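**Q** just need the structure, nothing else, for what follows:
(one chain, ligands or ions: 2)
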Amino acid sequence: MEFAGAIAGPNRQVPGDLVQIAFAGRSNVGKSSLINRLLGRTRTPVARVSATPGKTQEINFYRVNAELTSGRAAPFFLVDLPGYGYARAPDAVRARWGPLVERYIADSEKLRGVVQLVDMRHPPTSLDLQMFEYLGEIEVPVLVVLTKADKLKSGEAARREADLKKSLGLPPEQLIAFSAKTGAGRDTLLDALDGLLAEETS
Ligand code: GTP
Ligand code: MG
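**A** Ligands and ions are numbered 1, 2, ... in the order given. Below is the predicted model:
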């Protein structure tokens, strides 16, 4: 696994010709932490993590070499998207977010799916729902990952999961509870990513 490059402006090129899986969600939801956990890089993180929301303001590409998911032979990119909905971000940053992320998602022929992260402790925000609908409209395969599962008691977690399944109208295999802290959900998510990567596109 290695850092492959960042896109900071809407006209910048993707740093390589590989299939991609992108991670979206509001600022501070745990995107960078999840990527580090997936890559087994919790002690020496590759994606920057911060308690201050708005840490990731570029589209960052991490090149993953093969063996991360069991069935996958070719390398691919994990794409860390900047978080949305950070109220205290400067206007200029917020104004940049939409075009940058939308252009990337809409134009990337090699994008195999988007993993949308939702904080498990709270109902999805209106921006979460907008993003979810947008992805459905442009027919990008979506997985929803519920983050920070370790912060809930197990009964409560199960209840939140059931509620979200219902409100988003998702089949069970498209919704995964996850904890970057404990690693819960990691294997399930890797299998699901494998499924996205294996899907034929024509
Ligand atoms: P931006 O880059 O600002 O969009 O944020 P992000 O979505 O990349 O979030 P990040 O991974 O930086 O995590 C934000 C905060 O949440 C950090 O303090 C993390 O340690 C914490 N965090 C992330 N995932 C988990 C989790 O699964 N469990 C717990 N307990 N804390 C988490
Ligand atoms: Mg981040």
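
**Q** most remote residue from the chain's center?
**A** Centroid-distance maximum for the chain: residue 155 at 25.2 Å, with Cα atoms, centre = their mean.

**Q** show the pLDDT at it.
**A** With respect to pLDDT, residue 155 has a value of 93.

**Q** for it, give me phi and psi.
**A** phi -60, psi -40 (degrees, to the nearest 10).

**Q** what's opposite the closest residue in space to residue 140 that isn't next to it in sequence in the beta bridge?
**A** In this structure, residue 140 finds its nearest non-sequential neighbour in residue 114, 5.3 Å apart by Cβ to Cβ, 6 or more residues apart in numbering. All C-beta spots, glycine's among them, are computed from the backbone N, C-alpha and C. Judged by DSSP bridges, the bridge partners of residue 114 are residue 22, residue 142.

**Q** check the one 4 residues further on too.
**A** When bridges are taken as DSSP bridges, the partners of residue 118 come out as residue 146.

**Q** my guess is it contacts residue 149. True?
**A** No. Checked against Cβ atoms under 8 Å, the pair residue 118 and residue 149 is beyond contact range at 11.2 Å.

**Q** more crowded one of those two?
**A** residue 118 (26 against 22; other Cβ atoms under 10 Å).
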